[in-house]
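Engineer: For reference, the sequence and a predicted model appear below.
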Amino acid sequence: MVLAGLSGGARAGDVLIDNPAAEEPEYVIRQLIQAAITEDPEEGWSQFRGWLHSDQLASPASERSWKTMNYAAFRRSVRHLLPDETKPVFRRAYVEEVKGGRHEYLKIFVVSKSSDMPKPFHLMRDPQAEQGWRLNGSLN
């Protein structure tokens, strides 16, 4: 579901993403945000991990890096992406479709209250998740 209206950090043209359908790439971002605002960090990590592209979990070192660095940093900063800090709702600034080379993916840019630059989320279809969208790239 897409809602209209502007608030903190929003600009004309931004779209408030409230309840995207499960097959939409914005659904992955909503689930990542929900995991990051979960009170228990371990429970949140378990949820977050399920939305990572299988390439990001290919080695124990990569998974450890995601948990201790990327996920931890995202938990600290996620509230800057939320118009209401109690809900996994966000503002999509714009989307770039990247084609060519070995991989095709989407970069979905989310409005941040802490920066004039929106935060990019790199999403790619994952053959190990029935071609579902998954996060495939750093959140920093």
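Structural biologist: Arrived safely. Numbering: from 1, shown residues only.
Engineer: how near is the most centrally placed residue in the chain to Pro60?
Structural biologist: Centroid check for the chain by C-alpha atoms, centre = their mean gives Ile29 as the closest residue, at 3.2 Å. Look at Ile29 and Pro60: by C-beta to C-beta, to the nearest Å, they are 26 Å apart. C-beta coordinates here come from the backbone N, C-alpha and C atoms, glycine included.
Engineer: same thing with Gln131?
Structural biologist: Relative to Pro60, and taking C-beta to C-beta, Gln131 is found at 26 Å.
Engineer: ranges for the strands of the chain?
Structural biologist: Here the chain has its strands, by DSSP state E, at 2-3, 15-17, 90-98, 105-110, 119-126, 132-135.
Engineer: before we move on, the earlier item: now for the residue nearest to the centre of the chain: which residues touch it?
Structural biologist: Going by C-beta atoms under 8 Å, 6 or more residues apart in numbering, Ile29 touches 17, 90, 108, 110, 121, 123.
Engineer: Pull the contacting residues for the residue nearest to the first one when sequence neighbours are not counted.
Structural biologist: In space, not counting the residues next to it along the chain, Ile17 is nearest to Glu26; the distance is 4.9 Å by C-beta to C-beta, 6 or more residues apart in numbering. Glu26 sits next to 17, 20, 92, 108 when contact means C-beta under 8 Å, 6+ apart.
Engineer: What is the most widely separated pair among the residues you listed?
Structural biologist: Spatially, the most separated pair among the contacts of Glu26 is Pro20 and Ile108, at 10.7 Å (C-beta to C-beta).
Engineer: With neighbour numbers in mind, choose between those two.
Structural biologist: Ile108 (23 against 17; other C-beta atoms under 10 Å).
Engineer: from what I can see the more buried one touches Leu123, true?
Structural biologist: Yes. Applying C-beta atoms under 8 Å as the test, Ile108 and Leu123 come out as touching, 6.4 Å apart.
Engineer: Need the residues touching each of these two.
Structural biologist: 25, 29.
Engineer: pLDDT of stretch 69-82, averaged?
Structural biologist: Mean pLDDT, stretch 69-82: 96.
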